[in-house]
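Trainee: How does the following fold in three dimensions:
(chains A and B)
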2 protein chains.
Amino acid sequence: MVESTLQVDYVKKYNRVKCEDLLKRKFFYVPSFEIYGGVAGLYDYGPLGSQLKSNVEQQWRQHFVLEEDMLEVTCSNLTLDEVLKTSGHVDKFADFMVKDTKTGTCHRADKLIEEHITKVLGKKKDMKQEEKLNLLKLQDDAGSMGPAQLDETIKQLGIKAPDTNNELSEAQPFNLMFETLIGPTGQLKGYLRPETAQGIFINFRRLLEFNNGRMPFAAAQIGLGYRNEIHPKQGLLRVREFTMAEIEHFVDPTNKQHHKFNRVKDMRLPLYSSDNQIQNTRVIIRDLSLGDAVAQQVINNETLAYFMARTYQFLMSVGIKDEAIRFRQHRPDEMAHYAQDCWDAEVETSYGWIEIAGHADRSCFDLTRHSARTKTELVAARYLKEPKPIKLVKHTVNSKEVGKVFKQDSKAIKEYIDEAPEERKQQLLAEMNENNQISIKVNDKDFVLTKDHVTFEVIDKILQEEKYVPSVIEPSFGIGRIVYCIFEHCFKQRAEDAQRTYFTFPPLIAPVKCSILPLMDKPDLNRFVQDIKSMLTRAGVSSKIDDSGQTIGKRYARTDECGIPFAITVDFDTLTEESVTLRDLHTMKQVRMKITDLPSNITQLSYGIKTWDEVLQQYPLFQSGAAAE
Amino acid sequence: MVESTLQVDYVKKYNRVKCEDLLKRKFFYVPSFEIYGGVAGLYDYGPLGSQLKSNVEQQWRQHFVLEEDMLEVTCSNLTLDEVLKTSGHVDKFADFMVKDTKTGTCHRADKLIEEHITKVLGKKKDMKQEEKLNLLKLQDDAGSMGPAQLDETIKQLGIKAPDTNNELSEAQPFNLMFETLIGPTGQLKGYLRPETAQGIFINFRRLLEFNNGRMPFAAAQIGLGYRNEIHPKQGLLRVREFTMAEIEHFVDPTNKQHHKFNRVKDMRLPLYSSDNQIQNTRVIIRDLSLGDAVAQQVINNETLAYFMARTYQFLMSVGIKDEAIRFRQHRPDEMAHYAQDCWDAEVETSYGWIEIAGHADRSCFDLTRHSARTKTELVAARYLKEPKPIKLVKHTVNSKEVGKVFKQDSKAIKEYIDEAPEERKQQLLAEMNENNQISIKVNDKDFVLTKDHVTFEVIDKILQEEKYVPSVIEPSFGIGRIVYCIFEHCFKQRAEDAQRTYFTFPPLIAPVKCSILPLMDKPDLNRFVQDIKSMLTRAGVSSKIDDSGQTIGKRYARTDECGIPFAITVDFDTLTEESVTLRDLHTMKQVRMKITDLPSNITQLSYGIKTWDEVLQQYPLFQSGAAAE
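Mentor: Just a heads-up that it's a prediction; the model follows:
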């Protein structure tokens, strides 16, 4: 079964034109600088989009930072070039671009290939299975091709420049970082960060200390990232400025078990393994428990598998359909040389499978590089089960004598000896024993020291712990992409009237929790509307009043369009009974309850503590309102 | 009384060295890229600082966005140069710098003057009152001086380059925006935004539509802003990357009343008026109600005054001392030409009075400029109390005839006439009546049209509403500066032991709400610790376990250093009674309560629903624990 080419049911039904129309009309998001003609890859979130995005971030914080007890940090976005040279981004954070040979328009080579194949597959319905599989494999591989392979594939498939049909140039690398100058001198170069991770690595020592030296631990960060895309398309899916949420879980490389793995070991995630991609069977494994996946080394280790499980739970909690999620393992040819294993969470949308989170075991690459570059020790310590007796060189500097002889150089000389690594001290000991003096070079000057200045001796010590450079397991999320997938997956059209479109966001992330509608625009009803609004605000529940005087049916349709899960209607019975109706967006059913019951019910519904079914059991169904629609 | 030179009590007692030591030791914040030597003006927030900052933002959102029903948006940071040309930033967003003539080091001219005067005032204690007042006035004025005046003042005061004592160059403007290139062509210039406001102005039309066309309304945004400072100093107070929270309140310029002004009209804010600055009396007005301040035109309008009151409440709610707040009005010479009135909220710190929020009436400047540049109508409409009968020119184009005669130009000709303003249509009507034809120029071509192509007639219409460009009242907050002031104002030393330093953050913004301490590191106690932790996490309350095995007194000191307002101790009575002690950071008093009572009590204490005094009345005081300290 060629599963990954099948679209899940909802994607087939999805009406992109109608959904995008609704998103724009309700100002969920729009191109930035719209009245200036916009800039590709930059978007502004309006009130509903902004609040929904913020709720997704809040849920991420609750699900990961709070529940997994992570250390959240907020690092500078503007990043010193030296840091990104060390991390490898200055040299390697690039995509390959090809130019339209006549107009000069730049395109991203791998995306041209992917899009071309999607188009071909859509047109030639009667294609042979083998040919189809070959094309799908090329499509999978495009992202990890080098320039020669890209050029060859473009030639082989006869791809021309989109729109113009002109010839394309050869593929060239283009660095995707935005560059700028810091300060007035023009000497200090910086970049907008391409990921939030580096800020965490640089602060590793302080984080470990904050954690009282205990391992393993995780730091997390939510913040902006930048990527100067060559030719952004596909709306929120390929943008130049985006919110990321990243976790760097530091772990002993000799022990990547996770203390909570037991809780997820029986979960079965949809796994699209590297082997199944290479063999081009395109089969998604659905019957392998995470426990077995780790035991059989399909997934490299418990910690990686644990976070994949937590990501799966998170994505479903914010409204992404489980049947449209898969975890795709990186093939060896697309994985960074230092990485141990890597699994992307991909979600099926009308644009195909989209990567929205990565889970990478980055080994000790980053800490090792930053440590070497800055000569700062970035290590943790593990207790030895059996303490190890070792021999160490101990030195004693005669500060008084050194000061007398070496004057202003004495401090630097003393520091040199104090900070000499063990190996160097062994050399110095041997030299002193042989020649009764040692020669050292400090600050480009030569000095000769005798036993009057410094002595060395070998002492016995019992080693209780040993140092190591931690490995890093990195779950990394693109918030904007997740938000886009939520829009697609929560978009609905009413069965009885396809023109009535709406969003069934989970109440937890819905931008506004409830709307308040006076049946008519009368002062005595409006007084209740204002009271209810204040009551909900105090409880921290967001609400939106619609007293526009439209029919109640039209106003229900309007609140549905905004994806507001609950609607309170203030009617004439409210005046005498102090009760209102509460309506559920999805079922359109209504109950009647006292005003004083509203804050607790809506709070509990919003945070998933109570379900609508439970409300239905507790309160009497209200009939006449439904008839009004 | 020269009040503004007096430091309020707490500032005199404040120990900056000890506070900064604690902030660094507990990793509230550190210089970014610390292991690379750092970059001036860029900082990373560690777990405690990041959480505190995020809580301040959340309180801002609750206090302003939710309670005032604002439309929150999230706009792109990277901004098209054309937008910032229009807003005036490309030309005018600059500071004046002077260079050390020998080393080339750049300094900000106004800050050199301010710092020099602070130093002189500190040294010469016996200075005459008049001389002192003159220096204070120069210090106040420095920020709004032009280059000539800066040069003159530097010469007059004999200011030399700091550290080197070299001569200084003449003052030159330096634009403070970070520049970058968007996309691979190198043609599209962009800047990191210097303020979040422009994103809101550009989206005005969509925001008004979202608000169903109703005025007044406010949009708000929390996000990063950038300012390429010439020579950043003073830690978090002068940085190159910072979080801003801005409100753009759109209002009819003929009616700047605020519907909730009544609620604040009796409040008395500390006002440092423009007049009192110009006359150099340096008196802070403390006995003028906001109602009277608006009536007497000390503050220009109700909306501005309303927001000043709300800011005052907000600052106190996050832990800034009311006696260290003043509202300083901009003098006419420092106010932008288009601004109507402007009041900064300033807070006294050990660095002097620091601006942490501005309240500006920007009039209709921004909307007018963007509208003119983009030819987009950025207006609202007001209903006329009395509908106005007017005469309008109506035109009718005979499309068929126009198409036949003008072929490919006909579309442009039709558009030209359709879009002609009323005035132009009157001209065309007159011309047609006189000559039986009209001459127009479209796309640089001349055309002659007769009555066969277009006709004009005067019709009567009743005007129900008229359009206007809204004024903007802008409260704008620097979150990082507020966070810094909170650190200073909440820093404490125990009366009985000055080495024991701690922070009394309001529980609402405390980075962690409570710590959980097992009296000893025993498995049966630790089981309770984990249960309590999960229970609190489910309730959305952050907590920090300290099971390090240190004495309970040391661990209390440690939790105090982090500013954690409450500490739960699990002891041997917990095993039998399922109760724990709950300790308050500030009073060090403890009560005993059931574990099941913890979540609701800590939630209510954290959100200010319950006070510690109320807890003391409800639960029995626990004595022996206090003795342990």
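Trainee: and the nearest residue to A:Glu170 once chain neighbours are set aside, which of the three is it?
Mentor: Distances taken as Cβ to Cβ, 6 or more residues apart in numbering or on different chains put A:Asp151 closest to A:Glu170, at 5.4 Å, once the chain neighbours are dropped. C-betas here are computed from N, CA, C, even on glycine. Look at A:Asp151: counting by DSSP: H, G, I helix; E, B strand; the rest coil, its state is helix.
Trainee: wait, isn't A:Ile532 in contact with A:Ser515?
Mentor: No. A:Ile532 sits out of contact with A:Ser515 when judged by Cβ atoms under 8 Å, with a separation of 10.8 Å.
Trainee: Now for those two: what residues contact both?
Mentor: Residues touching both A:Ile532 and A:Ser515 (Cβ atoms under 8 Å, 6 or more residues apart in numbering or on different chains): A:543, A:568.
Trainee: domain ranges for chain A?
Mentor: A:1-76+A:193-379+A:469-504, A:94-175, A:386-468, A:512-628 (automatic domain parsing).
Trainee: Quick one: end-to-end distance for the shortest one.
Mentor: Same thing as domain A:94-175. 4 Å (Cα to Cα, to the nearest Å).
Trainee: pLDDT on that domain, on average?
Mentor: Domain A:94-175 comes out with an average pLDDT of 91.
Trainee: Residues touching stretch A:266-280, excluding its own?
Mentor: Stretch A:266-280 is contacted by residues A:4, A:133, A:136-137, A:140, A:282-291, A:293, A:298-299, A:308-309, A:312, A:325-332, A:343, A:346 when judged by Cβ under 8 Å, 6+ apart.
Trainee: ok, longest strand in chain A?
Mentor: The longest strand of chain A (DSSP state E) is strand A:380-397.
Trainee: Work out the sheet partners of that one and label each with its direction, please.
Mentor: Strand pairing for strand A:380-397, determined by DSSP bridges: strand A:454-468 (antiparallel).
Trainee: Please could you give me each C-alpha atom of the helix or strand following the strand it pairs with, formatted as PDB?
Mentor: Using DSSP states H and E, the helix or strand that follows strand A:454-468 towards the C-terminus is strand A:471-478. In PDB, the C-alpha atoms belonging to strand A:471-478 read as follows (Å, rounded to 0.1, in the frame of the first residue of the first chain):
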ATOM      1  CA  SER A 471      24.400  15.100  24.400                       C
ATOM      2  CA  VAL A 472      21.500  17.200  23.300                       C
ATOM      3  CA  ILE A 473      18.100  15.900  22.300                       C
ATOM      4  CA  GLU A 474      16.200  18.700  20.600                       C
ATOM      5  CA  PRO A 475      12.500  18.800  20.000                       C
ATOM      6  CA  SER A 476      11.900  21.900  17.900                       C
ATOM      7  CA  PHE A 477       8.500  23.300  16.800                       C
ATOM      8  CA  GLY A 478       7.400  25.900  14.200                       C
END
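Trainee: now the helix or strand just after strand A:471-478: how far from the chain's centre is it?
Mentor: Once the chain leaves strand A:471-478, the next helix or strand it forms, by DSSP H and E, is helix A:479-490. From the chain centre to the centre of helix A:479-490 is a distance of 13 Å (Cα atoms, centre = their mean, to the nearest Å).
Trainee: Give me the next element, helix or strand, following helix A:479-490.
Mentor: By DSSP H and E, the next helix or strand past helix A:479-490 is strand A:491-494.
Trainee: Pairing partners for the one residue sitting closest to the centre of chain A in the sheet, please.
Mentor: Nearest to the mean C-alpha position of chain A, counting by Cα atoms, centre = their mean, stands A:Phe477 at 1.3 Å. Note on A:Phe477: beta-bridge partners by DSSP bridges are A:Ala245, A:Ala357.
Trainee: close enough to count as contact, it and A:Glu355?
Mentor: No. In this structure A:Phe477 lies outside contact range of A:Glu355 using Cβ under 8 Å: 10.4 Å.
Trainee: show me where the stretch 101-250 of chain A has helices.
Mentor: A:109-123, A:129-141, A:147-157, A:197-202, A:204-210 (DSSP state H, counting those that start in this stretch).
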